[in-house]
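[1] 3D model of this:
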Amino acid sequence: MRANTEAAARGERLRAARQRVELAGGGIIDRAAWRDDEAALAHATTTLREGLAAIAALGGVPKDLGLGLVDFPHMRGGETVNLCWKYGEESVQFWHGLDEGYAARKLL
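    Next up is the predicted model:
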């Protein structure tokens, strides 16, 4: 989740800098800061992709990167449901139906 936040922040800084340069007709930029932001964005993106791959390897389906929500398809009482985990929770403690979302979580 931290990688997602970092990638979004660095990406926004780069977009803002790019817009300032375009509006100024070229202008001068802080090249060292630009390179640092690009490198940090690349690192955060790689970290995020690795994290998403690890979640998928566990059978999880990322639902909201900002909130850190992950669903895990599961059979419960003969019905397929989603076990629901949120970043920061120590374990999977909730579930919801396939046609429901985070707001409808129920305690296991």
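
[2] just the helices in this structure please.
    Along the chain, counting by DSSP state H, helices occupy 2-23, 31-57.

[3] which strands and helices lie in contact with the last one?
    With contacts defined as 3 or more CB pairs under 8 Å, 6 or more residues apart in numbering; DSSP states H and E, the secondary structure elements packing on helix 31-57 are helix 2-23, strand 61-64. In short, each C-beta sits where N, CA and C put it, glycine included.

[4] how about the shortest one: buried residues?
    What that stands for is strand 61-64. By 16 or more other CB atoms under 10 Å, the buried positions in strand 61-64 come out as Lys63.

[5] please export the C-alpha coordinates of that strand as CSV.
    The C-alpha coordinates for strand 61-64 follow below in CSV (Å, rounded to 0.1, in the frame of the first residue of the first chain):
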residue,chain,number,x,y,z
VAL,A,61,-8.0,-10.4,-5.9
PRO,A,62,-7.0,-6.7,-5.2
LYS,A,63,-10.1,-4.6,-5.0
ASP,A,64,-9.0,-1.1,-3.9
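
[6] let me see the mean pLDDT of that strand.
    The average pLDDT for strand 61-64 rounds to 94.

[7] can you get me a residue count around the nearest residue to Ala104 once chain neighbours are set aside?
    Leaving out its chain neighbours, the residue that sits closest to Ala104 by CB to CB, 6 or more residues apart in numbering is His96, at 4.7 Å. Neighbour count of His96, defined by other CB atoms under 10 Å: 17.

[8] now do Thr80, the pLDDT please.
    Thr80 is assigned a predicted lDDT (pLDDT) of 96.

[9] for it, give the beta-bridge partners.
    Met75 (DSSP bridges).
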